[in-house]
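Novice: What follows is a predicted structure for the sequence shown.
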Amino acid sequence: MFSDNNSKTFTIKDYTFGNGTPRICVPVIGRTDEEIMNHAKVIRAELDRLDAKYPDREDLKVAVIEWRSDFYNDVATPEKVTTVLEKLRETFEDRLLLFTFRSEEQGGELRHDRVGTHLENVYKNVIMSGLVDLVDVEAVVGNYNIARATTGAHKGGVGVILSYHDFYKTPHDMDIEEKLRQMDILGGDILKIAVMPKNEFDTRRLMELNKKVVAERYKPVALISMGDIGVISRVKGKETGSALTFASIGMESAPGQMEADDLIAMLANQ
């Protein structure tokens, strides 16, 4: 299921990350079961349309469907989470399913104390369900907890996107590289850092850094500049070697996400 630790690529099912083509991820959002599944139906119809539009371009296919569970009112109830995952798995059986709970600190929708001590059990149940391919683990919960989370996911045959967000600035290159080094050691399979640029120089600096770390590292990396200034970082993944980019269908989950149709059209011309 997974690639060798000494490889610069990471493979789950039919999808490989880190091979020079940025894989596209689209979030599913909703507060209730009905809202989630309504959004999922919209996404499914658009995926089918896009697949028909680019029939010979597997590299442009949306690879990952991310359920942003922090929007869900009943995320702390395991039975309800499992029911949603079953429906999403059925709807997106041909894509990778990513489970994400984004904390308030990292830009999430629900306050973390709404879930509190239940969060670890939520992740355990998700991993044990066998319904997801990937989980997002935030690189802000302490090294011990991160290592436990990544180890637990791998034991369950689930890949880990280890993520870090800074909504206020673009840290210095050395700080980003040190963060990536720590994330690598702690067991992330795909290392994602999203930051806020203050100007175009910040965005270009991050893109150049992505090129540098891809040349030096053994794991797929995705460095993303958020907001309008950072849009180019989402589009130029082939140039920078970014393993992952995010787009929206109907609703965006982070500032600067493009509609999938627009993003794919731009990628198709590269």
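Specialist: Good, I have the coordinates.
Novice: going forward, measure contacts and count neighbours with C-alpha atoms only.
Specialist: Noted.
Novice: Run through who's touching stretch 118-126.
Specialist: Applying Cα atoms under 8 Å, 6 or more residues apart in numbering, the contact partners of stretch 118-126 are 75-78, 81-82, 99, 132, 152.
Novice: Check stretch 172-186 too.
Specialist: Contact with stretch 172-186 is made by 139, 143, 146-147, 150, 162, 191, 206, 209, 213, 219, as judged by Cα under 8 Å, 6+ apart.
Novice: Can I get that stretch as PDB, trimmed to CA atoms?
Specialist: Coordinates of each C-alpha in stretch 172-186 appear next as PDB, following Å, rounded to 0.1, in the frame of the first residue of the first chain:
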ATOM      1  CA  HIS A 172      11.900  32.300   7.600                       C
ATOM      2  CA  ASP A 173      13.200  29.500   5.300                       C
ATOM      3  CA  MET A 174      15.300  28.000   8.100                       C
ATOM      4  CA  ASP A 175      12.200  27.800  10.400                       C
ATOM      5  CA  ILE A 176      10.200  26.100   7.700                       C
ATOM      6  CA  GLU A 177      13.000  23.600   7.000                       C
ATOM      7  CA  GLU A 178      13.300  22.800  10.700                       C
ATOM      8  CA  LYS A 179       9.600  22.300  10.900                       C
ATOM      9  CA  LEU A 180       9.700  19.900   7.900                       C
ATOM     10  CA  ARG A 181      12.600  18.000   9.500                       C
ATOM     11  CA  GLN A 182      10.600  17.500  12.700                       C
ATOM     12  CA  MET A 183       7.500  16.400  10.800                       C
ATOM     13  CA  ASP A 184       9.600  13.900   8.800                       C
ATOM     14  CA  ILE A 185      11.000  12.400  12.000                       C
ATOM     15  CA  LEU A 186       7.500  12.200  13.600                       C
END
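Novice: from the contacts of stretch 118-126, which is closest to residue 16?
Specialist: residue 132 (16.4 Å; Cα to Cα).
Novice: Strands of the protein, start to end?
Specialist: Applying DSSP state E to the chain gives strands spanning 10-12, 15-17, 23-28, 62-68, 96-100, 134-138, 159-166, 190-195, 221-225, 244-248, 258-259.
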